[in-house]
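Undergrad: Here is the input, now give the coordinates:
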Amino acid sequence: MNNPLVQAFFVGRAVAEVINERLEVSITDALSDLGKLEAELTQQMRQFTQEVLERANRAAEAAGEGVPGGSSSADTEDVQATIDELRAEIALLRNELQRYRSSSV
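TA: Residues are numbered from 1 along each chain as shown. Predicted structure coming up:
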């Protein structure tokens with residue numbers, strides 16, 4: 001290459017090609033690493049969630065409650081029966097209180 005202008009053109013073109021290739025490799029590697037990181041974080045989150053649920057279930061079973069957050073119909077009926085009994089006692093006490101007040105006046 002005798003002409004410096006032509007030589008500068010080809011050198012510039014070669015520089016652009018090399019930069020383009022290296023940039024492409026760098027971006028591809030970065031996206032690959034990002035994908036791996038996302039997959040690892042997803043897996044870790046899944047394992048964390050599973051471990052938390054297992055511990056909660058074990059704790060609930062150890063306490064004799066079964067699955068946390070879940071109540072059986074027997075528990076609901078027992079609570080409702082207790083509420084009904086308390087309401088009946090309150091009504092009886094109100095009645096007795098009214099009778100006492102009316103007799104003392």
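
Undergrad: how is this structure carved up into domains?
TA: With domains defined by the TED database, the chain comprises 1-69, 72-104.

Undergrad: could you redo those as JSON lines and give each row mean neighbour count and mean pLDDT?
TA: Any C-beta I mention is one placed from the backbone N, CA and C, and that applies to glycine too. As requested, the domains of the chain are arranged in JSON lines below (neighbours: other C-beta atoms under 10 Å; pLDDT from 0 to 100):
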{"stretch": "domain 1-69", "mean neighbour count": "10", "mean pLDDT": "88"}
{"stretch": "domain 72-104", "mean neighbour count": "10", "mean pLDDT": "84"}
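
Undergrad: Now do the helix or strand containing residue 19: distance to the chain's middle.
TA: In this assignment (DSSP states H and E), residue 19 forms part of helix 4-62. Put simply, helix 4-62 sits 24 Å off its chain's centre (C-alpha atoms, centre = their mean, to the nearest Å).

Undergrad: and the next element down the chain from it?
TA: helix 73-104.

Undergrad: show me what contacts residue 103?
TA: Going by C-beta atoms under 8 Å, 6 or more residues apart in numbering, residue 103 touches no other residue.

Undergrad: Need the per-residue pLDDT for residue 105.
TA: Looking at residue 105, its pLDDT reads 66.

Undergrad: where does residue 70 land on pLDDT?
TA: Confidence score, pLDDT, at residue 70: 54.

Undergrad: And the residue nearest the centre of this structure?
TA: residue 49 (7.3 Å; C-alpha atoms, centre = their mean).

Undergrad: how near is that one to residue 61?
TA: To residue 61, residue 49 is 19 Å away according to C-beta to C-beta, to the nearest Å.

Undergrad: got it, and residue 31?
TA: Residue 31 is 45 Å from residue 61, by C-beta to C-beta.

Undergrad: likewise residue 38?
TA: 35 Å.

Undergrad: May I have the residues that are in contact with the residue nearest to the centre of the chain?
TA: No contacts exist for residue 49 under C-beta under 8 Å, 6+ apart.

Undergrad: Before I go, just wanted to say thanks for your time.
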